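[1] turn this into a structure:
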Amino acid sequence: MTLTEVKNVQSLSLTQQWRDFITYSQKTSRDFELFVRPNTQLSGPLQKVISQGDIILREIPGQ
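    Numbers count the residues shown, from 1 in each chain. You can find the predicted model right below:
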(Lines give C-alpha, C1' and ligand atoms only; values in the text may rest on other atoms or scores of the structure.)
Protein backbone atom coordinates (compact mmCIF):
# COMPACT_ATOMS: atom_id res chain seq x y z
CA MET A 1 0.00 0.00 0.00
CA THR A 2 1.02 3.57 -0.58
CA LEU A 3 0.45 6.88 1.16
CA THR A 4 0.17 9.55 -1.55
CA GLU A 5 0.20 13.33 -1.26
CA VAL A 6 -0.07 15.85 -4.11
CA LYS A 7 1.18 19.42 -3.71
CA ASN A 8 0.78 21.85 -6.63
CA VAL A 9 2.87 24.62 -5.07
CA GLN A 10 5.93 26.74 -5.85
CA SER A 11 7.93 25.74 -2.76
CA LEU A 12 7.72 23.05 -0.12
CA SER A 13 9.47 22.41 3.18
CA LEU A 14 9.64 19.58 5.69
CA THR A 15 6.84 20.25 8.17
CA GLN A 16 5.58 18.34 11.17
CA GLN A 17 2.82 16.99 8.91
CA TRP A 18 5.45 15.41 6.62
CA ARG A 19 7.33 13.99 9.61
CA ASP A 20 4.07 12.44 10.85
CA PHE A 21 3.39 10.98 7.39
CA ILE A 22 6.90 9.50 7.29
CA THR A 23 6.45 7.94 10.73
CA TYR A 24 3.01 6.57 9.82
CA SER A 25 4.20 5.12 6.51
CA GLN A 26 7.17 3.43 8.19
CA LYS A 27 5.05 1.97 11.01
CA THR A 28 2.48 0.60 8.54
CA SER A 29 5.01 -0.61 5.93
CA ARG A 30 3.74 1.79 3.28
CA ASP A 31 5.58 3.78 0.66
CA PHE A 32 5.11 7.54 0.95
CA GLU A 33 4.87 9.19 -2.47
CA LEU A 34 4.90 12.95 -2.87
CA PHE A 35 3.78 14.41 -6.21
CA VAL A 36 4.95 17.95 -7.01
CA ARG A 37 5.39 20.20 -10.05
CA PRO A 38 8.75 19.84 -11.84
CA ASN A 39 9.76 23.38 -10.81
CA THR A 40 8.76 23.14 -7.14
CA GLN A 41 11.56 24.35 -4.86
CA LEU A 42 12.25 21.81 -2.09
CA SER A 43 13.89 22.79 1.19
CA GLY A 44 17.18 21.19 2.21
CA PRO A 45 15.65 19.08 5.00
CA LEU A 46 12.92 17.83 2.64
CA GLN A 47 15.52 16.95 0.00
CA LYS A 48 17.44 15.02 2.67
CA VAL A 49 14.51 12.75 3.62
CA ILE A 50 13.83 12.20 -0.08
CA SER A 51 17.47 11.18 -0.66
CA GLN A 52 17.26 8.86 2.37
CA GLY A 53 14.27 7.13 0.74
CA ASP A 54 11.73 8.18 3.37
CA ILE A 55 9.71 9.96 0.66
CA ILE A 56 9.44 8.93 -2.99
CA LEU A 57 9.35 12.09 -5.10
CA ARG A 58 7.19 12.07 -8.25
CA GLU A 59 6.21 14.73 -10.78
CA ILE A 60 2.56 15.65 -11.25
CA PRO A 61 1.65 14.21 -14.68
CA GLY A 62 1.09 16.75 -17.42
CA GLN A 63 2.87 19.61 -15.68
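[2] what about the strands in this structure?
    Listed in chain order, the strands of the chain (DSSP state E) span residues 2-7, 11-12, 31-36, 41-42, 56-59.
[3] strand partners of the fourth one, parallel vs antiparallel please.
    Counting by DSSP bridges, the strands paired with strand 41-42 are strand 11-12 (parallel).
[4] show me which helix runs longest in this protein.
    Longest helix in the chain by number of residues, with DSSP state H as the criterion: helix 16-27.
[5] got the buried residues for that one?
    18, 21, 22, 25 (16 or more other Cβ atoms under 10 Å). In this view, the C-beta of every residue, glycine as well, is placed from N, C-alpha and C.
[6] CSV for the residues you listed, including distance to residue 39?
    As requested, the buried residues of helix 16-27 are exported to CSV (distance: Cβ to Cβ, whole Å):
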residue, distance to residue 39
18, 20
21, 23
22, 24
25, 26
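[7] would a markdown table of the residues you listed with pLDDT be doable?
    Supplementary listing: the buried residues of helix 16-27 in a markdown table, determined by pLDDT from 0 to 100:
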| residue | pLDDT |
| --- | --- |
| 18 | 90 |
| 21 | 95 |
| 22 | 97 |
| 25 | 97 |
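[8] from those, which single one is nearest residue 38?
    For residue 38, the closest of the buried residues of helix 16-27 turns out to be residue 18, at 19.5 Å, with distances computed as Cβ to Cβ.
[9] any idea how far residue 42 is from residue 57?
    To residue 42, residue 57 is 8 Å away according to Cβ to Cβ, to the nearest Å.
[10] so what sits against both of these two?
    With contacts taken as Cβ atoms under 8 Å, 6 or more residues apart in numbering, the residues that reach both residue 57 and residue 42 are 36, 50.
[11] I appreciate the help and will end here.
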